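J.: the following comprises the amino acid sequence and a computationally predicted model.
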Amino acid sequence: MVNQDRLAGTFRDLVEIDSVSRKEGKIAAVICNMLKSMGAHVFVDDAGKNTGSNTGNIVAGFPGNMDDVQPLLLNAHIDTVQPGENIKVLFSDNTFRSDQTTILAADDKSAVAILLEALLVCQEQNVRHGPIELVFTICEEIGLLGAKHLDYSRITARYGYCVDATD
């Protein structure tokens, strides 16, 4: 079962980290640490060199616990549009909002939080699954640049889902 409080806390924590396009380094470091603490093999590619970002795309792998199951790729992006710095999160009536001086950054940090929570639930509840590959891309908001420069040699999955929040 999803831990709603943990999910909300992860979302709030992620939203409060500045990560406008080309400045995703802080959030990438936090996500990498979270993934490593969950037991993932984590790799950051060199896409930042080609996009002007201060980090690359994150590719994380979790081994499966079932034989003969194809890997599954799950993707979200970690950058936000402007004004997306110094975000102040408000929570009332079971709803997150910004203080109106910035965006909330739910696009796409809600997806990042959901994917991280899903992996935690799989681990805690011993959910049977094949290998899972998470890809968190940079510079999506300015032309999918992170995806265009992703090191695809790190990806073995042939099927996947891109989770992207919108209005």
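T.: That came through, no problem. Residues are numbered from 1 along each chain as shown.
J.: now do the strands in this structure.
T.: 41-44, 58-62, 72-77, 89-92, 95-98, 132-137, 159-162 (DSSP state E).
J.: which stretch among the ones you listed comes nearest Ile114?
T.: Checking these against Ile114 by C-beta to C-beta gives strand 72-77 as the closest, at 8.1 Å. In this view, the C-beta of every residue, glycine as well, is placed from N, C-alpha and C.
J.: for the closest one, name the packing helices and strands.
T.: With contacts defined as 3 or more C-beta pairs under 8 Å, 6 or more residues apart in numbering; DSSP states H and E, strand 72-77 has these neighbours: helix 106-124, strand 132-137, strand 159-162.
J.: winner for burial among the ones you listed?
T.: Greatest average neighbour count among the helices and strands packed on strand 72-77 goes to strand 132-137 (a mean of 24), per mean count of other C-beta atoms under 10 Å.
J.: who's in contact with Thr166?
T.: Contact analysis of Thr166 by C-beta atoms under 8 Å, 6 or more residues apart in numbering lists Asp107.
J.: against Leu90, how distant is it?
T.: Separation of Thr166 from Leu90 (C-beta to C-beta, to the nearest Å): 21 Å.
J.: likewise Ser153?
T.: Taking C-beta to C-beta, one finds Ser153 at 43 Å from Leu90.
J.: spatially central residue for the chain, please.
T.: Per C-alpha atoms, centre = their mean, the C-alpha nearest to the average position across the chain is that of Val112, at 3.4 Å.
J.: report pLDDT for that residue.
T.: We have a pLDDT of 99 for Val112.
J.: who has more neighbours, Ser153 and Leu90?
T.: Neighbours per residue (other C-beta atoms under 10 Å) separate Ser153 from Leu90, with Leu90 holding more: 11 against 8.
J.: perfect, I'm done here.
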